[in-house]
Structure formats: structure tokens, C-alpha cells
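Colleague: Generate coordinates for the sequence data below:
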Amino acid sequence: MTAAGQTTDGTSDSGESAAIIATVLGVYAIAILIGVVLGLISWVVLSIGLSAVFRKTGVEPWKAWVPFYSSYTWLRLGGQNGHWVWAALIPYGGIVTSIFIYIGMHRTGIAFGKQTGFLVLGIFFPWVWVLMLGFGKDEYRPELITAAGLGAPLIGYGAGAQPAGYAGGYQPAYQPGYAPSQQTGYAPAQQPGYAPGQQPGFAPAPYPPAGYVVAPQPQPPAPSVAPTPSAPPAPPSLSKD
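Modeller: Numbering: from 1, shown residues only. The predicted structure follows:
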């Protein structure tokens, strides 16, 4: 017969409970450790792909490695207000941040020539999305975003452009590495039928250019006027004596 609170092998109920608790805590610790490792790997892969996307779109690649600032920059690349990133600090606010990031991903995908189905891939597998765009052969053409009537990027190439149909015209952002007349995706500096400084969609160039003085133009000599011939003298009158 066993004493109260003890089993037949002599171990107490409290010792059995402690073993169960230790096992449960060990399982939770392993699960948390696996989650941290997977999250770290996902963040590294996402940062590698996002830095490659930033490089192709004219944004400093190092910004992809700074927490929160990378999402802030990603939002602005997609034409969204970067301050939506702070919504992730409140409960369930990360959903709002993600929605605006997805809107920006759709516009960035358009600039790379991707269809709407490519956004579905980005929603479920964002690290695959950034790796395919960052290391793929697709060319970044921000003018495709404005051609679709959408807001242009707020940073990088094409920042400040206006959607199609905008009457005021705009000056596209300069793309480093290209001559002014060789900007990718933009019309050449000189278009037939227009005088310099009157290209459609661009502000007229000031004339004369700053720092230059217009030389006076030589005036043609005044035409010589032939003198008017005087009237011949009157003949002398003849009188009779």
C-alpha cells in the first residue's frame, strides 16, 4: 500500500509535475529559438533582395539594412507616404503598413514590366519578389507608372514625375551615369519641330543663358540717297528796244 502523495516507485507527485513543466518550457524555448532563427534568415534574405532593388531604382542600397527605415524607404519608392511605417508600432497597425507597402509594390512592379499576378507572389513571398526584381534582368522604367495614371516614386529615378494627362509638364529626375540627352525612358533633349528651350513638357530655357552677355548685332549701313537735281536756270528774256 502506498502512502498518500507518493507512487509505487517512491517518486512524489510534485516531482512529476516539475518534470512536465520543464518539458513544456523546453518545447516553448525551442519553438521560440526556431522562430527567431527563421525570422533572422528571412530578414537577411529580404534585406539582400531589397538592397538590390534599391540599387536598380536609384536608392542607396544601405537603407535596406536599417530596421523601420528600410520599410520607410520602401513605401516612398512605391509612391506612398513613408510615415505609414509607424503604424506598425500599435496593435494591428502592421496590417495598415503592409497594405500601403503592397500598393507601392504594385507600382514598382509596373515599372519593371510585371503584371498584377506578380503582386500576389510579393504578398505571400516578399523575399522572392525582391530577389527576382533585384537580381533579374528586368529594366526599371518609372515612366510606365505615370503612363498608367499612377503616382510616381517619391525617391529614386523618376521621382517627381506627374501622371499621364498632367497639363503642366514636369522635369524628370536626372539619372546618374547617363548624359543629359541619354536619360533612359525619357525623350531626347532635341525634338524635331521645336526650337531649343521649347521642348514639350519642359520649362522654356532662359535666354540669354545665365553668365552670358548678348553681343550687339552689327547694323547694316543706311542706303545712300542720290541728291535731287536742281532745276535748270531760266533762259534770259529778250526785250525789243
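Colleague: The protein: helices as residue ranges?
Modeller: 13-57, 69-77, 93-111, 116-124, 126-135, 143-147 (DSSP state H).
Colleague: Out of those, which one sits most buried?
Modeller: For these, ranked by mean neighbour count under the definition mean count of other C-beta atoms under 10 Å, the leader is helix 69-77 at a mean of 22. From N, CA and C alone the C-beta is placed, and that goes for glycine too.
Colleague: report the angle between the axes of that one and helix 93-111?
Modeller: With axes from the mean of the first three to the mean of the last three C-alpha atoms, to 10 degrees applied, the angle from helix 69-77 to helix 93-111 works out at 50 degrees.
Colleague: circling back: for the helices of the chain, give me a markdown table that also has mean pLDDT and distance to residue 221.
Modeller: Formatted as a markdown table, the helices of the chain follow (pLDDT from 0 to 100; distance: least, C-beta to C-beta, whole Å):
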| stretch | mean pLDDT | distance to residue 221 |
| --- | --- | --- |
| helix 13-57 | 91 | 62 |
| helix 69-77 | 96 | 65 |
| helix 93-111 | 96 | 62 |
| helix 116-124 | 93 | 73 |
| helix 126-135 | 95 | 69 |
| helix 143-147 | 94 | 54 |
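Colleague: Kindly reformat those as CSV containing distance to residue 161.
Modeller: Converted to CSV, those look like this (distance: least, C-beta to C-beta, whole Å):
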stretch, distance to residue 161
helix 13-57, 13
helix 69-77, 14
helix 93-111, 11
helix 116-124, 21
helix 126-135, 20
helix 143-147, 5
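Colleague: Nearest to residue 87 among those would be which one?
Modeller: helix 93-111 (3.7 Å; C-beta to C-beta).
Colleague: I'd like to check the angle between the closest one and helix 126-135, please.
Modeller: Angle of helix 93-111 versus helix 126-135, following the same axes, to 10 degrees, is 30 degrees.
Colleague: Report all helices and strands that helix 93-111 contacts.
Modeller: With contacts defined as 3 or more C-beta pairs under 8 Å, 6 or more residues apart in numbering; DSSP states H and E, helix 93-111 has these neighbours: helix 13-57, helix 69-77, helix 116-124, helix 126-135, helix 143-147.
Colleague: The ones you listed: which one's closest to residue 157?
Modeller: helix 13-57 (5.9 Å).
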